[in-house]
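Enquirer: Turn this into a model:
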Amino acid sequence: MTSLSGKTALVTGASRGIGRASAISLGKAGAQVLVHYARAEKEADAVVAEIRCAGGRAEKVTADLASKDGAHQLAKQVRALSASGWIFWLRMQEFRAHLPSSKRRSTTSTSSTRSTCVLLPIAAALGPKGIRVNGVAPGVVETDMSNFAKTEAGREATLGMQSLKRIAQPDDIGGVVAFLASDEARWVTGDIVHVDGGSKL
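Expert: Okay, the predicted model is just below:
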């Protein structure tokens, strides 16, 4: 994978689950990672520490993205911490107004196939600014928030509908996020990558 050295990655909801795994993968690829959290500061500190212990660079940022000025407050923190190119993992509807133009910026968000109707107009709008917009559709992932995967019935249903016979872990998703942020994916935009163990087969 192309190194993300010299890039800054903002990962929203990075204190746990897929966000945490994405932050760690981006850090391993060389990006400076801004670890966003709303309330879970202790968990965010742990993510920052893990990235730094592996030789990466990371800082924590906080904002309540559900509040009216949350995206604005987060953008201010990002600008203060980063003078280099940005790559993003975030909720684009809330943050896109704060994105400056660049030839080497990208955004990636969790999505589903049905999110295409939302993602495509954003990709079209930000394309002239040199910003790529993509999504990952992870299917069922075993996280703190996935109660479905924790039940026996949920596990059986998940294993029964996908080709790879195991429940996905956050680490299975994080590497794909890092790929989409890299120059190896420089000609990919407006796309949703299915990282779901072949559940559509």
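Enquirer: now the strands for this protein?
Expert: Ranges of strands within the chain are 7-11, 32-37, 57-62, 85-89, 105-110, 131-137, 191-194, based on DSSP state E.
Enquirer: Would you single out the least confident of those?
Expert: Between the strands of the chain, the one with the least mean pLDDT is strand 85-89; it has a mean of 63.
Enquirer: quick one, helices of this protein?
Expert: Ranges of helices in the chain, per DSSP state H, are 17-28, 41-53, 70-81, 92-95, 116-126, 152-161, 170-181.
Enquirer: Which strands or helices does the third one pack on?
Expert: With contacts defined as 3 or more CB pairs under 8 Å, 6 or more residues apart in numbering; DSSP states H and E, helix 70-81 has these neighbours: strand 7-11, strand 32-37, strand 57-62, helix 92-95. No exception for glycine: its C-beta is placed from N, CA and C like everyone else's.
Enquirer: follow-up on the earlier one: is it possible to export the strands of the chain to CSV including mean neighbour count and distance to Thr143?
Expert: Below are these laid out as CSV (neighbours: other CB atoms under 10 Å; distance: least, CB to CB, whole Å):
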stretch, mean neighbour count, distance to Thr143
strand 7-11, 27, 15
strand 32-37, 26, 15
strand 57-62, 19, 20
strand 85-89, 24, 15
strand 105-110, 24, 11
strand 131-137, 24, 14
strand 191-194, 18, 18
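Enquirer: The ones you listed: which one's closest to Val48?
Expert: Among these, strand 57-62 comes nearest to Val48, with 4.4 Å by CB to CB.
Enquirer: Remind me what that closest one packs against, helices and strands.
Expert: Using 3+ CB pairs under 8 Å, 6+ apart, strand 57-62 sits against helix 17-28, strand 32-37, helix 41-53, helix 70-81.
Enquirer: Run the chain-centre distance for stretch 106-119.
Expert: Relative to the mean C-alpha coordinate of its chain, stretch 106-119 is positioned 11 Å out (CA atoms, centre = their mean, to the nearest Å).
Enquirer: so how far does it reach from one end to the other?
Expert: Stretch 106-119 has an end-to-end distance of 13 Å (CA to CA, to the nearest Å).
Enquirer: Report pLDDT for Phe95.
Expert: With respect to pLDDT, Phe95 has a value of 58.
Enquirer: measure stretch 48-68 end to end?
Expert: End-to-end distance for stretch 48-68, by CA to CA: 27 Å.
Enquirer: what sits up against that stretch?
Expert: With CB atoms under 8 Å, 6 or more residues apart in numbering as the test, stretch 48-68 has contacts from 10, 12, 23-24, 27-28, 30-38, 41, 44-45, 47, 70-71, 73-74, 77-78, 81, 91, 94.
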